[in-house]
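**Student:** no FASTA, just this:
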């Protein structure tokens, strides 16, 4: 359980302001997002079983404590007006129920609000209209409940709670899709993918002329959810023009031929991805090509390493990267040397990092606002692991299993079979760097240093 507080105040000029904070780009959840003060329940707040707590006193205590910890304001729990409880959608894997409260401050109350610079990096009193204008322009990220409550606030404080509670999502019905930018909608579909992820994100890009990136579901029931969304968009005047693939892995492509047939549109991908498809693609995208469909300009960036022909779709206007399996919001990215390359993967991470993206939209998990930080973290982690593997090598040859036990001793043994593939990818890079040698199939040693 978590609790969040909308701190609002009416100014003498009639403006209604709300305190908005910006989350650190280094946080694990909603990095870089604009949000309201709040956070997760602490056992000291009281029991979580709200069937025994009809007044929501536990949630109120969480809200009061978090507001004080995050922005330094002390609140009377009696002033908190409950305006809904939102549940995280299943694709984020970790279920969280967040209670939202409204507090109407008077006069200059709230002027002392100040963040600590760690979990939150800034705060400001702004109108809902100003914040939403920034979102509409692609200048900030807002989670669905934040955006909904801000839009509700544009109608004024009077009757706010009643209006907020009208939405099914405010009563615990998880939203199935999420507009990340005004013209980019994240639509998760349940797929047989690598745990802990349970879904692959399709992205519907455009306003009237749409392209769909990585429609992945195998289950017809899941496919029908995406089709229903597209049909609703088409009924309102939009039309689907193309399907784009980031790569050919099975957990990214299954609905592509379904949509291609239904709407009579082409499937586009990189030429190197073609051998991995079980259906025909009608278009080839090369590095730096502009996607010739849709009303939202996307540029194809060839980013191999995880898979042959992997593409990141770059939306330059909002500096947003639809990044497939370059990074993950849930779990990690596997580089299998039988089809990928650790060297190319690191180069691809650095290439996208150097674009200074404002947001990464991965195939698994939620949007990442701390994009540069996330990419830098991925690069640093892979290089750290490479050093650990190099240090595990000895002059005497060792088996892959022995090296996994030494180089991945910081990970649970049950993931060692997956780590073994990553180990091989690192070893291939070390071999290319003249730092390792495969003395026999599956046997590796440190490469002897030549005497000078």
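**Tutor:** Perfect, I can see it now. Just so we're clear, the structure is a prediction, and the values are computed from it rather than from any experiment.
**Student:** and the next element down the chain from the lengthiest helix in the chain?
**Tutor:** The single longest helix within the chain, with elements called by DSSP state H, is helix 371-392. Where DSSP states H and E defines the elements, the next helix or strand beyond helix 371-392 is strand 398-399.
**Student:** any idea how far that next one is from the middle of the chain?
**Tutor:** Averaged C-alpha coordinates place strand 398-399 at 37 Å from its chain's average position (C-alpha atoms, centre = their mean, to the nearest Å).
**Student:** what lies in contact with that strand?
**Tutor:** Residues from elsewhere that reach strand 398-399 (C-beta atoms under 8 Å, 6 or more residues apart in numbering): 392, 406, 442, 443, 444, 445. In this view, the C-beta of every residue, glycine as well, is placed from N, C-alpha and C.
**Student:** quick one: average pLDDT of it?
**Tutor:** Mean pLDDT, computed over strand 398-399, is 97.
**Student:** and the angle from the following helix or strand past that strand to helix 371-392?
**Tutor:** Scanning forward in sequence from strand 398-399 by DSSP H and E, the next helix or strand is helix 400-407. Following axes from the mean of the first three to the mean of the last three C-alpha atoms, to 10 degrees, one obtains 120 degrees for the angle between helix 400-407 and helix 371-392.
**Student:** and helix 400-407, what does it pack against?
**Tutor:** helix 371-392, helix 416-432 (3 or more C-beta pairs under 8 Å, 6 or more residues apart in numbering; DSSP states H and E).
**Student:** now the longest helix of the chain, how far from the centre of its chain.
**Tutor:** 20 Å.
**Student:** just the mean pLDDT for that helix, thanks.
**Tutor:** Here helix 371-392 scores 98 as its mean pLDDT.
**Student:** list the buried residues in it.
**Tutor:** Buried residues in helix 371-392, counted by 16 or more other C-beta atoms under 10 Å: 371-375, 378-379, 382, 385-386, 389-390, 392.
**Student:** show residues contacting that helix.
**Tutor:** 25-26, 31-32, 321, 327, 333, 342, 345-346, 349-350, 352-353, 356-360, 368, 398, 403, 406-407, 422-423, 426-427, 429-430, 435-436, 446.
**Student:** same question, stretch 230-246
**Tutor:** 204, 206-215, 252-253, 256, 259-260, 263, 265-269, 273, 277, 281, 283, 285, 291, 293-294, 298, 310-313, 322-325, 363.
**Student:** how far away is the residue lying closest to residue 393 once chain neighbours are set aside from residue 78?
**Tutor:** The spatial neighbour of residue 393 that comes closest, neighbours along the chain excluded (C-beta to C-beta, 6 or more residues apart in numbering), is residue 446 at 3.9 Å. Counting by C-beta to C-beta, to the nearest Å, the gap from residue 446 to residue 78 is 67 Å.
**Student:** so between those two, which is more surrounded?
**Tutor:** Between residue 446 and residue 78, counting by other C-beta atoms under 10 Å, residue 446 is the more crowded of the two (18 against 7).
**Student:** can you give me the pLDDT of the more buried one?
**Tutor:** We have a pLDDT of 97 for residue 446.
**Student:** surely it and residue 435 touch.
**Tutor:** Yes - counting by C-beta atoms under 8 Å, residue 435 is a contact partner of residue 446 at 7.2 Å.
**Student:** and for these two, which residues touch both?
**Tutor:** Common contact partners of residue 446 and residue 435 (C-beta under 8 Å, 6+ apart): 390, 393.
**Student:** flag the shaky bits of the stretch 51-200 of the chain, pLDDT-wise.
**Tutor:** Residues of the stretch 51-200 of the chain that meet the criterion pLDDT under 70 lie in 51-55.
**Student:** repeat the analysis, applying 90 as the threshold.
**Tutor:** 51-57, 89-95, 106-112, 116-118, 172, 174-176, 194-196 (pLDDT under 90).
**Student:** show me where it has helices.
**Tutor:** 57-71, 128-136, 144-153, 160-164 (DSSP state H, counting those that start in this stretch).
**Student:** make JSON lines out of those helices and add mean neighbour count.
**Tutor:** What follows is the helices of the stretch 51-200 of the chain, written out as JSON lines (neighbours: other C-beta atoms under 10 Å):
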{"stretch": "helix 57-71", "mean neighbour count": "22"}
{"stretch": "helix 128-136", "mean neighbour count": "17"}
{"stretch": "helix 144-153", "mean neighbour count": "21"}
{"stretch": "helix 160-164", "mean neighbour count": "17"}
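**Student:** close enough to count as contact, residue 25 and residue 118?
**Tutor:** No - between residue 25 and residue 118 there is no contact under C-beta under 8 Å: 11.7 Å.
**Student:** these two: which has the busier surroundings?
**Tutor:** residue 25 (17 against 10).
**Student:** who's in contact with the more buried one?
**Tutor:** Per C-beta under 8 Å, 6+ apart, neighbours of residue 25: 31, 32, 121, 369, 370, 371, 372, 373, 374.
**Student:** which residue sits closest to residue 211, ignoring its sequence neighbours?
**Tutor:** residue 294 (4.1 Å).
**Student:** for the one you found, helix, strand, or coil?
**Tutor:** At residue 294 the chain is in coil, as set by DSSP: H, G, I helix; E, B strand; the rest coil.
**Student:** what about it, distance to residue 318?
**Tutor:** 14 Å.
**Student:** for residue 294, grab the count of nearby residues.
**Tutor:** Residues lying near residue 294 (other C-beta under 10 Å) number 21.
**Student:** residue ranges of each domain in this structure, please.
**Tutor:** Using automatic domain parsing, the domain parsing of the chain gives 2-170, 178-376, 393-446.
**Student:** what distance separates the start and the end of the first one?
**Tutor:** Spelled out, it's domain 2-170. One end of domain 2-170 to the other measures 14 Å (C-alpha to C-alpha, to the nearest Å).
**Student:** how many other residues sit next to residue 396?
**Tutor:** Residues within reach of residue 396, counting by other C-beta under 10 Å, total 9.
**Student:** quick check: it touching residue 446?
**Tutor:** No - applying C-beta under 8 Å as the test, residue 396 and residue 446 come out as separate, 9.1 Å apart.
**Student:** what do these two both touch?
**Tutor:** Counting by C-beta under 8 Å, 6+ apart, nothing touches both residue 396 and residue 446.
**Student:** just to revisit the earlier point, now the helices and strands packed on helix 400-407 in JSON lines, with distance to residue 65?
**Tutor:** JSON lines is the format used below for the helices and strands packed on helix 400-407 (distance: least, C-beta to C-beta, whole Å):
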{"stretch": "helix 371-392", "distance to residue 65": "27"}
{"stretch": "helix 416-432", "distance to residue 65": "39"}
